[in-house]
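# Sequence and predicted model, in that order:
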Amino acid sequence: MKYASFRIRILASLIDGALNLLLVSILGYYVLHQIALPMTITALILSVIIMFNPLVVFYHVLFTHYLGGTPGKLLTGLRVVSENGKRLSFKRILFRQTIGYSFSWVFFGLGFYSIIKDEKKQGWHDKTVDSVVTARGNMLIIGLMLLILFYIVAGSLLISSFNSFAKSPVMKEVQEMTKN
């Protein structure tokens, strides 16, 4: 079993963050491309409901349970498994991804930095549930390219959205309302 290094795990985490930014960018694009203020407000409320939906909030738990890792981990060839190589139970994954991660952040993230020195590359969140993160190969270059791609797409969507909103009839409605 080849254990995943700190570097590739950081990259996987950055990809997860980029995917979250991409989701926010898509929702922002939807909200900011409405043609009337009531439609914009409705789209904003819908976007907030989507972002705070339990399936979205706990997507990392669900992905890890059903597929063996978050999208970032999967795209970089990583898998979360038990120390004996078997699938983790839902309870162990839930604990690892919530309380375990919180515990690893205590003391300025030392629980994550322990991955660097540990022989099995386990963070504190891994040790609490006897999990390891395995690597199928060196996917560092592919992961970096995906990270850059996700940031470019998200950035383009955000820039397009704000530029479009600045010239939209909704912006004129908001300016009229604030004058009074």
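Looks like it came in fine. All values reported here derive from a predicted model rather than from experimental measurement.

# For Ser5, give me phi and psi.
When read as degrees, to the nearest 10, the backbone of Ser5 gives phi -70, psi 160.

# Please name the nearest non-neighbouring residue to it.
Using CB to CB, 6 or more residues apart in numbering and skipping residues adjacent in sequence, the residue nearest Ser5 is Lys121, 6.4 Å away. In short, each C-beta sits where N, CA and C put it, glycine included.

# Restricting to C-alpha, output the worst-scoring helix or strand of the chain on mean pLDDT in PDB.
Lowest mean confidence among the helices and strands of the chain (mean pLDDT, DSSP states H and E): helix 54-57, at a mean of 81. Output of helix 54-57 as PDB, limited to C-alpha atoms (Å, rounded to 0.1, in the frame of the first residue of the first chain):
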ATOM      1  CA  PRO A  54     -27.200  19.100   3.900                       C
ATOM      2  CA  LEU A  55     -26.100  17.200   0.800                       C
ATOM      3  CA  VAL A  56     -23.900  20.000  -0.300                       C
ATOM      4  CA  VAL A  57     -22.600  20.800   3.200                       C
END
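
# what sits up against it?
Leu23, Ile50, Leu62 (CB atoms under 8 Å, 6 or more residues apart in numbering).
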